[in-house]
Structures are given as C-alpha cells and as structure tokens.
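[1] Test case, fold it:
(chains A and B)
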There are 2 protein chains.
Amino acid sequence: MFNKVTIIGMGLIGSSLARIILKKRLAKTLIAADTSLDVCKKVHDLGLAHIVTDQLLQAVEDSDLVVLAVPVGAMKSVAERIAPALKDGAVVTDTGSVKMAVIEAIGPHCRPGVDFVPGHPIAGTEFSGPEAGFAELFENRWCVLTPLPDTSIRSVEKVTKLWEEAGAMIEIMDPAHHDLVLGITSHLPHLIAYTIVGTATELEDDIKSEVIKFSASGFRDFTRIAASDPVMWRDIFLNNKAAVLEVLQRFSEDLTALQKAIRQGNGDYLYDVFTKTRAIRKQIVQIGQAE
Amino acid sequence: MFNKVTIIGMGLIGSSLARIILKKRLAKTLIAADTSLDVCKKVHDLGLAHIVTDQLLQAVEDSDLVVLAVPVGAMKSVAERIAPALKDGAVVTDTGSVKMAVIEAIGPHCRPGVDFVPGHPIAGTEFSGPEAGFAELFENRWCVLTPLPDTSIRSVEKVTKLWEEAGAMIEIMDPAHHDLVLGITSHLPHLIAYTIVGTATELEDDIKSEVIKFSASGFRDFTRIAASDPVMWRDIFLNNKAAVLEVLQRFSEDLTALQKAIRQGNGDYLYDVFTKTRAIRKQIVQIGQAE
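    Here you go, the predicted model:
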C-alpha cells in the first residue's frame, strides 16, 4: 500500500498502528521515531518497525505517509522539526484527540505539495507506552477525518484505506464540530472522572482505604478512565478549552438542579431525570456499541 | 440452614438471593413476596420460590428469616405491614443501599424478640427485575452489616452465614460511616453519571445522535451506570441526603479548581491532578478489585 511510512510517537496509538502495518505488510519500510530513547529501545526490543530512531528529521525523509501520534501539545514542535525533510507529494496525518488546535499547529508547516489529513482514531485504553499497544485496538472503532478545504481527495483516500485496514470505520467531519462532539462524549467524561477520583485522593487515609476497598460499587469505573495518560489529557484540555468549558457549563447547571432536588426532597424530579438517562443507554445498546 | 425464609421484593437483589437459597437448599421453605402481581407472575414462571404471594403479612408468618429487598423508600411501609405477623425469635434483615434511614424506617417496627440486622450487599447491575437476577451476583463482593447495639450476635451470625453462602465477604461497620463511604464510592458516582447522561439528553437531536454514535470514547461507561433502576436511586438520594450533599460539595470545589486551571491554561495543575488519580487505580488493581 505504501513504500515508506513514518510514525512519530510510539505510545499506545502509534505502536498499535505499527503492529498493524507490519502484520498486514502495508509498507515496504516502516520507520518508528520517538524523541525518548527509552521508548526507542522498547520499540526496538519489541520489533515494532524496520527502523527505529530518535532523529525526527531523518525519519521522515522520502516517506509517503507520516503519522504524528504525539500528545496534542507536542504537535506544533514536531511539525516544525520535520517540515524541511518532507518530500513533495508526502501525506501527513495525525491522531490527535482535538482537531482545531492541531490543524493550527500542523497546517502552517505543510507547504504546497505536502497534504495534511487531520485524523482522530477514537480508541484507547487506560494504559500507555509501546508495550501497551495491540493490533486489534482500532477494530470496529470510529476514526474521524477532518480534511481541510485544500486537502486532496486522493490523500484522504490513502489515510482512509490505512485506517480501514486497521479495522476502523471512517467518518468525515468538520473539525470544530468534531471538537464539540468529542468534548461531550470524551473530554467532559474524562474531566469528571479525574475530578471524582481526585476528590478521593484528598480524603483522610482511613476513609481513602475504604473507598478503594469498596470501589466496585461505582467508583471503580471512574478510576479506569482517570488512569489515562496525564500528558495526553492535560494537552487535550488546554487545546479544546472553548468546547470543554461550554459543555462543562451545561453539566454544572444540570448538577446544580439535581443537587437542589436532593436538598428539597423532590423525588419526582430525580425519578424523571433517571428515567430519561436509561433511554440513552438503550439506544447505545441498539446500535451495537454496548451490550 | 433455615426452616422458613421470606424474601420481600423480588427485583435484581431479591431474586438473585432466591436463586442461591433454592440452588444451595438453604431453606426448607422459601417464600417470595412482592406487591406487584406482574413480578409475582414472573417469579412463579421462573420457579424462584416454593411459594409466591403478594400478601406480605401472610408471607412472613412463621418465618425464621425475613429479607427486605425493596427500594429504600418502601422499607418503612413494608416493615409496618409485616410487623404483626413476625414470630418471636425471627430475624429481619434488609439489602438497602443506605443504612441510617433504613434503620429509622425498620427498627421501630421490630418489637423485642424480633432481631434486626441491617445489611447491604454491594452488588448490582444496570438491569432490574426478577429476570435480571443470577446466583453468582454476590460472589467475591462485599456485604456490609451494620448491627444495632441491641442486635444479638447470634442473629448477626445467621445473616453472615447466609451471605457467605452467596459467596460474599462480610464487613461490619457503623451505619453512619457506611453511608459516608458509600456516598463517595457509589452514590456520588451515580449522581454524576446521571447528570452527564442527563445533560446529553437535552442536546439538539443531531448532536445527540452523534453522542450516541461516538459514545465509546468515555461517555458509554457513564450510560451504563446511569441506566440503573430509577426508583432505587431516587430513594437512595432522598435517604442519604446529608452524606451525598457533603461529598457533592467537595466534588464541586475540585471541579471548579480544574475548570479554573483549564481557563487559565495551567497545565502543571492539570498534570499534577491527573497523575495522582492514576495512583488510586493502581491500588485498586493491587487489591484485586480491577485488572
């Protein structure tokens, strides 16, 4: 499918994609690049690429496809560093969870002749690093592409084929709309989970140990989400500020209303809200996204 | 183990316990009682008890053990109704998720000679009703007992043995302390999940359908929790008001601090919180309550 592919950033996402490219022989040469020597060593030991290097500039020379799988906050500096070595006709794509900020960070560094296809494979676990990746990570998961007005259809097709080979389903979306939808479905839930688990970290030691002991009653589900990579999530919140603050505002209003209902003993209000939420779950089960 | 056991309330918890009592032959006679004729019919068709009835008073006559597995808000009226028929030496226990309010509701209706052992098996799913129960529900889960000063040790032992037969681990606790710990580990997480899913129900239709479509990115985990039984949860919040409002206050303060950090672009603060929360997950994994 490709002559030469370079993946920059060999964490959970980058290393999972590398496993797929090797397994399905989607590139004659796969180059894995990471600025961390520790990560490079692990990638080498795991045999996840033909060439492993911490030299980003050399890594992208002659590459047909360059995948940026670094935290959102690192996209700009990586794009700056690799820009001089990108060949004419190269396609650049990324895996960032935020699209508007990433387009601003990468777009200006793709000169005419280099095509940028912003992308976001919606997949992940609470584990990080090259050893956490696996080839099935993207199976039956969505991958959103948010092409720019001047992105060529051919480049979008190339990136589409790559993710389809990984087992993903493709959705084309406007980048601002992507950031709002993911703000609701992903960023707000993570912020809330981080908050509730953070609240628990500040409890007195004896209560904290009991909270851990009896975590299975609901709290445990939040700890899984709140165990996600801290750098990745710090960058997401810093780079999707407007959408996150907007949905957080709506959430806070709704929480205040429930708080008031509890204080006033308004059981009808509580029952009404709790019944509506059950219907949403049913719809998710119906479309096959849950059991 | 028992001559005659009566379970009142044949929902998820009551029907799971009934399955265990029949399977392990823990009672010569098992009586299942429920005020809903619809539930009684299902229980009869599923063969979950020797006798099925909607007459609560007759159901407890001569019973050695009476298990109240109704929503917390129904405990008082059920205790009132059955009190005249409880035999001397009978043990009454319950499965309510709140203990202080349930002790106030049931305690006064247990005359001298009738022993009340307040209990809370910490187990459940998002499904409700007698058809949702299963005999393995309590395996390796905690069951908290909060005996009163005048509860006899023999009665506590009887209830302990019942839950141990169900595969549960027993923890003895002060009822007020139980309500605070569960307020943090269970009630607050459920309230937050209900809120966030409730916020989504009020979105415009086109965004709502996308939220459902891309729910796997975090939101989906909340919908499972927010699909729990509305009556049960309404009653929990109405009956554990003080503890829930207290932990909610702490949560709101922490959320406001994170919101401010996002607004101000304070990445260090976010990174610090997100790193601490990861450690809590590790402890839960270490004690074998998660993978």
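
[2] Could you identify the longest helix within chain A?
    With DSSP state H setting the assignment, residue counts place helix A:241-264 as the longest helix in chain A.

[3] buried sites along it?
    With burial defined by 16 or more other Cβ atoms under 10 Å in any protein chain shown, the residues of helix A:241-264 counted as buried are A:241, A:243-244, A:247-248, A:250-252, A:254-255, A:258-259, A:261-262. All C-beta spots, glycine's among them, are computed from the backbone N, C-alpha and C.

[4] closest to A:Trp233 among those?
    Distance ranking of these against A:Trp233, using Cβ to Cβ, places A:Val244 first at 11.0 Å.

[5] wait, that closest one sits on A:Ile184?
    No: when contacts are counted by Cβ atoms under 8 Å, A:Val244 is not listed as touching A:Ile184 (9.5 Å).

[6] Which elements pack onto the strand or helix carrying A:Lys4?
    Using DSSP states H and E, A:Lys4 maps to strand A:2-8. Other helices and strands packing on strand A:2-8, by 3 or more Cβ pairs under 8 Å, 6 or more residues apart in numbering or on different chains; DSSP states H and E, are helix A:12-23, strand A:27-33, helix A:56-60, strand A:65-68.

[7] what mean pLDDT does the last one have?
    Read it as strand A:65-68. Here strand A:65-68 scores 98 as its mean pLDDT.

[8] Would you indicate which residues of the helix or strand following it are buried?
    Once the chain leaves strand A:65-68, the next helix or strand it forms, by DSSP H and E, is helix A:75-82. Buried residues in helix A:75-82, counted by 16+ other Cβ under 10 Å: A:Met75, A:Lys76, A:Val78, A:Ala79, A:Arg81, A:Ile82.

[9] OK, contacts around the fifth one?
    This points to A:Arg81. By Cβ atoms under 8 Å, 6 or more residues apart in numbering or on different chains, the contact set of A:Arg81 is A:Leu56, A:Leu57.

[10] I'd like to know how far it sits from chain B.
    For A:Arg81, the distance to chain B (Cβ to the nearest Cβ, to the nearest Å) stands at 21 Å.

[11] cool, the second one as well?
    Distance of A:Lys76 to chain B, computed by Cβ to the nearest Cβ: 14 Å.

[12] show me the contacts for that residue.
    Applying Cβ under 8 Å, 6+ apart, the residues contacting A:Lys76 are A:Ala105, A:Ile106, A:His109.

[13] Near the nearest residue to A:Ile8 once chain neighbours are set aside, how many residues? Count them for me, please.
    Nearest in space to A:Ile8, with sequence neighbours left out and distances taken as Cβ to Cβ, 6 or more residues apart in numbering or on different chains, is A:Ala33 at 4.8 Å. Using other Cβ atoms under 10 Å in any protein chain shown, A:Ala33 has 28 other residues around it.

[14] likewise A:Gly119?
    Residues near A:Gly119, counting by other Cβ under 10 Å, number 25.

[15] is whichever strand or helix holds A:Glu157 anywhere near chain B?
    A:Glu157 is located in helix A:153-165, with elements delineated by DSSP H and E. No: residues of helix A:153-165 are not located near chain B by Cβ under 8 Å from any Cβ of the partner chain, the shortest gap being 15.0 Å.

[16] in that helix, what counts as buried?
    So, applying 16+ other Cβ under 10 Å, buried residues of helix A:153-165: A:Ser155, A:Val156, A:Lys158, A:Val159, A:Thr160, A:Leu162, A:Trp163, A:Glu165.

[17] Can I get the residues you listed in CSV including pLDDT?
    Output for the buried residues of helix A:153-165, formatted as CSV (pLDDT from 0 to 100):
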residue, pLDDT
A:Ser155, 97
A:Val156, 98
A:Lys158, 97
A:Val159, 98
A:Thr160, 98
A:Leu162, 98
A:Trp163, 98
A:Glu165, 98
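
[18] between the residues you listed, which is closest to A:Gly124?
    For these, the residue nearest A:Gly124 by Cβ to Cβ is A:Trp163; the value is 14.6 Å.

[19] OK, contacts around the nearest residue to A:Gly267 once chain neighbours are set aside?
    Leaving aside its sequence neighbours, A:Gly267 sits nearest to B:Arg234 (Cβ to Cβ, 6+ apart; 5.1 Å). With contacts defined as Cβ under 8 Å, 6+ apart, the neighbours of B:Arg234 are A:Gly267, A:Leu270, A:Tyr271, A:Phe274, B:Gly73.

[20] Out of these, who's the most crowded?
    The most crowded member of the contacts of B:Arg234 is A:Phe274, carrying 25 neighbours; neighbours defined as other Cβ under 10 Å.

[21] and the lowest-mean-pLDDT helix or strand in chain A, what other elements does it pack with?
    Ranked by mean pLDDT, DSSP states H and E, the weakest helix or strand in chain A is helix A:205-213, scoring a mean of 89. If you count contacts as 3+ Cβ pairs under 8 Å, 6+ apart, helix A:205-213 packs onto helix A:188-201, helix B:175-182, helix B:267-286.

[22] Following element in sequence after that helix, please.
    Helices and strands here follow DSSP H and E; after helix A:205-213, the next one along the chain is helix A:219-225.

[23] Now that next one: average pLDDT?
    Per-residue scores along helix A:219-225 average to 92.

[24] Same check on stretch A:125-133?
    94.

[25] Name the residue of the stretch 1-150 of chain A that lies nearest to chain B.
    A:Ile122 (4.9 Å; Cβ to the nearest Cβ).

[26] about what we covered before: and for the longest helix of chain A, what are the contacting residues?
    Residues outside helix A:241-264 that contact it (Cβ under 8 Å, 6+ apart): A:179-180, A:182-184, A:187-188, A:191-192, A:237, A:266, A:269-270, A:273, B:191-192, B:194-196, B:198-199, B:202, B:237-238, B:241, B:244-245, B:248, B:252, B:255, B:259, B:262-263, B:265.

[27] and the residue nearest the centre of chain A, what does it touch?
    Among the residues of chain A, the one closest to the centroid is A:Ser97, at 4.0 Å (Cα atoms, centre = their mean). By Cβ under 8 Å, 6+ apart, the residues touching A:Ser97 are A:Val72, A:His120, A:Leu182, A:Ser186, A:His187, A:Met232, A:Ile236, A:Asn240.

[28] and what of A:Gly73?
    A:Gly73 touches A:Val231, A:Arg234, A:Asp235, A:Leu238, A:Asn239, B:Gly267, counting by Cβ under 8 Å, 6+ apart.

[29] which among these gets closest to A:Val114?
    For the contacts of A:Gly73, the nearest to A:Val114 is A:Asn239 (22.4 Å; Cβ to Cβ).

[30] How about the contacts made by that closest one?
    The contact partners of A:Asn239, by Cβ under 8 Å, 6+ apart, come to A:Val72, A:Gly73, A:Val98, A:Ala101, A:Val102.

[31] Check the second one and give its pLDDT.
    A:Gly73 is assigned 96 on the pLDDT scale.

[32] what do you get for the one 5 residues further on?
    According to the model's per-residue confidence, A:Val78 sits at a pLDDT of 98.

[33] And the residue lying closest to A:Val285 once chain neighbours are set aside, how close does it get to B:Arg220?
    Counting by Cβ to Cβ, 6+ apart, A:Glu291 is the residue found nearest to A:Val285 once chain neighbours are left out, at 6.6 Å. Going from A:Glu291 to B:Arg220 by Cβ to Cβ, to the nearest Å gives 11 Å.

[34] which one of these two has more residues nearby?
    Comparing A:Glu291 with B:Arg220 by other Cβ under 10 Å, the one with more neighbours is B:Arg220, at 19 against 6.

[35] wait, what's in contact with the closest residue to the more buried one other than its chain neighbours?
    Spatial nearest neighbour of B:Arg220, excluding adjacent residues (Cβ to Cβ, 6+ apart): A:Ala290 at 5.7 Å. With contacts taken as Cβ under 8 Å, 6+ apart, A:Ala290 has the following neighbours: A:Arg281, A:Ile284, B:Ser215, B:Arg220, B:Thr223, B:Arg224.

[36] Alright, calling it a day.
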